[in-house]
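> kindly return the folded structure for what I paste below:
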Amino acid sequence: MDSDGGFHEVENDGKPFLVYQNPKYDLIPYKQGSTSFGEAINDDQLLQPLFLCPWARRCSNHFSSSPLFSSAEYIVSTGGYWSDHSVLPLFWCNNKIFDADGGCGICRGSNFGTDYYFCDYCAKMFHKECVQSPPKIKHPYHSEHHLQLQFSFSYEIGDQYCFCCTRKVKYLLYYCTICEVFMHPICAMKPISFVINPPKRHDHPLTFFPRQTVLTCNICGLLRKLYPTYICARCNFVAHKDCMNYPHIIKISRHNHRISYIYPLQSRESSCGVCRQITNSGYGAYTCGKCSNYVVHSRCALGKNVWDGEELEDIEEEDDIIQDFRPFSVISEGVIDYFLHDHHLQLKTIILYHESKLCQACCLPIYEGNFYSCMECHFIIHETCTNLSRRIQHALHPHPLRLVIGDDSWDYFCCHACVRRFNGFNYKCSIRDCNFYLDIRCAAIFEPFYFKIHGHPLYLALDPAEQPICHICKRKCYKQLNCIECIFIVCIKCATLPYTVRYTHDTYFLTFLSGEELCKKVWCDMCELNLGDTCTQVFYWSNEYYTAFHIECVLGADPYLKPGQYYRNGVETKILGKNNISRPLCSVCKKRCQSTIIKRRNEIACSIECFLNVYARTIH
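Residues are numbered from 1 along each chain as shown. Presented below is the predicted three-dimensional model:
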């Protein structure tokens, strides 16, 4: 071990561990004098080393040198920021009771142990590991390269996760510039067990294998060179450290039943129920006891967008069944009491289409067929929309969702699947503070999904972190469906576009169509630009009248915003519908409002994007 410290072997309760130690951190004798509290100190008393406040280190870019300073005079003599910052030591609070209140002042993590530090000048608490963190370490889990200490904001490094605990890293962290490995300081300083007894995964103790090599984990079936690995030499068994505590029984959003972990997976030809790739026999996987052919890769089953993090081994299966109730009760023939409206609704049939008649649930016009109309107010809703389930489990979210309606103060939401703004009905996560929303079009997506302009079924099979290019709009996907038989990918925003629409007062329907050759020959009847001038190859088309429109020319920038009068921060805001006679200039982009018009005081916006700029100006 060098003078800067390192990991070395110690024995605790008869078991070997690798523990980080730095000789500089050993207790040193006090000189004769007084403490900061004015109490006399004896010669035989010991002094904790003096550490600099992590915020002072961060603000002074002092991660290139040791955090340990032997005297306060050294700190003051450096001048600059140091001379303005208190040189009081960070007090070592040796609590006997675990303290989880608040958060660390430099890494933002909570869960303080029985000892931590407090800076009197900053009035902040810090993990002991964050205070004592050396500028670089050689960690046994990543022995090939040094890990450098750095301070980074989330926008600088994106979504990165700790090598040890798999939680997101931000602010103070260790980083390997070669392998792009990240680690929390508190994780980097934890003792490392040489031998682990995994009660659920293997019959024999597993030994830490420090050399980074290509070994396939028997639990997850993956090759992950950079991850800490343990082995059983007797059985030729290999396990990643983070795979040993996989839950036994779980419920995922992609399947109606519980699934259980088994090892090894018996030889059978099947594909993963999440990523749709082939599953390999001989490794661990999750299977359904009720559906003989349903198998999910271990890693796929435990994804944050699929599993809610709950182990269900000791919980009755009936407890996780979503109970749904009918959304309405029948009062009399053609009259219902709907759970999201205060008055009775009466069944009617559309006779004459009018573009101002919008369904309060999906925000689309009622073109034809049956709908329900309120007997006391102007509330109308498609008959099909009244049959929406009150509670659902959706493939895009691990928690149950419930059908809700926005309030009158300002009821537009952003769908977490298509990223469109809408103010109709939506499905909201039942878990408090989760704030996950789906509009009812995206909530209707299930696997397999049949997209009318593609010949194969589509699935939610790609990694959620991927952002491929949509084959329809040619933009990056936020959430996407993909074909497992070809390379076709469509973003959910395009996949949920209405298949048939009517433009203003036209009596005929337009159909969603795709065609590269036709795009080059046809002009949009509204903006009079060639369809081929845009990157997309889809449009709305009438085969009978040989007319075509860009998607946005028909639907507008925000097609799922209902007209109405709302209040935001006490100021009236109006959303005017497409049937408005005038087409004023937008106060932001200076273009004519082609569809929705949003008014706030004397400002006009043609879309929510422009409105947000207007709103920012009017609140000052």
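
> residue 224 touches residue 216, doesn't it?
No: contact between residue 224 and residue 216 fails when scored by C-beta atoms under 8 Å: they sit 9.1 Å apart. Quick note: C-beta positions are derived from backbone N, CA and C, even for glycine.

> which other residues reach the top strand by length along the chain?
The longest strand of the chain (DSSP state E) is strand 142-152. By C-beta atoms under 8 Å, 6 or more residues apart in numbering, the residues outside strand 142-152 that reach it are 58, 63, 106, 133-139, 163, 170-179, 181, 183, 185, 188, 210-212, 226.

> can you turn the buried part of those into a PyMOL selection?
Applying 16 or more other C-beta atoms under 10 Å to those, the buried members can be selected in PyMOL as follows:
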select buried, resi 58+63+106+133+134+135+137+138+139+163+170+171+172+173+174+175+176+181+183+185+188+212
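
> in strands only, show me the contacts of strand 142-152.
Reading strands off these with DSSP E, I get 136-139, 171-176, 181, 183.

> of those, closest to residue 263?
residue 181 (27.7 Å; C-beta to C-beta).

> that closest one pairs with what?
residue 176 (DSSP bridges).

> what are the neighbouring residues in contact with it?
Counted by C-beta under 8 Å, 6+ apart, residue 181 has contacts 142, 147, 163, 175, 226.

> pLDDT score for it?
Turning to residue 181, the model gives it a pLDDT of 87.

> how far away is it from residue 228?
Using C-beta to C-beta, to the nearest Å, residue 181 is found at 11 Å from residue 228.

> intersection of neighbour lists for the two?
The contact lists of residue 181 and residue 228 share residue 163, where a contact means C-beta under 8 Å, 6+ apart.

> domain ranges for this structure?
According to automatic domain parsing, the chain is divided into the following domains: 6-131, 194-243, 328-387, 500-555, 564-618.

> please state the offset of the fourth one from the chain centre?
By that I understand domain 500-555. Distance of domain 500-555 from the chain centroid (C-alpha atoms, centre = their mean, to the nearest Å) equals 35 Å.

> before we move on, back to that, let me have the domains of the chain in TSV, adding mean pLDDT as columns.
Listed next are those as TSV, based on pLDDT from 0 to 100:
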stretch	mean pLDDT
domain 6-131	60
domain 194-243	83
domain 328-387	90
domain 500-555	81
domain 564-618	78
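
> how about these in a markdown table, adding distance to residue 482?
Putting these into a markdown table (distance: least, C-beta to C-beta, whole Å) gives the following:
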| stretch | distance to residue 482 |
| --- | --- |
| domain 6-131 | 36 |
| domain 194-243 | 21 |
| domain 328-387 | 25 |
| domain 500-555 | 17 |
| domain 564-618 | 28 |
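
> nearest to residue 444 among those would be which one?
domain 328-387 (9.7 Å).

> tally of neighbours for residue 427?
Using other C-beta atoms under 10 Å, the number of residues around residue 427 comes to 27.

> which stretches of the stretch 301-450 of the chain form strands?
Using DSSP state E, counting those that start in this stretch, the strands of the stretch 301-450 of the chain run over 328-332, 335-338, 344-349, 370-374, 380-382, 391-392, 401-404, 413-414, 421-422, 426-429, 437-439.

> from the chain's centre, how far out does the third one sit?
So the one you mean is strand 344-349. For strand 344-349, the distance to the chain centre is 40 Å (C-alpha atoms, centre = their mean).

> likewise for stretch 394-410?
16 Å.

> mind listing what's buried in that stretch?
For stretch 394-410, by 16+ other C-beta under 10 Å, it's 394-398, 400-401, 403, 405-406.

> in contact with residue 492, which residues?
Counted by C-beta under 8 Å, 6+ apart, residue 492 has contacts 417-418, 442, 445, 477-481.

> tell me the one among those nearest to residue 552.
residue 418 (14.3 Å).

> now do the contacts for the nearest residue to residue 424 once chain neighbours are set aside.
Leaving aside its sequence neighbours, residue 424 sits nearest to residue 363 (C-beta to C-beta, 6 or more residues apart in numbering; 4.1 Å). Counting by C-beta under 8 Å, 6+ apart, residue 363 makes contact with 422-424, 559-562.

> no more questions from me, cheers.
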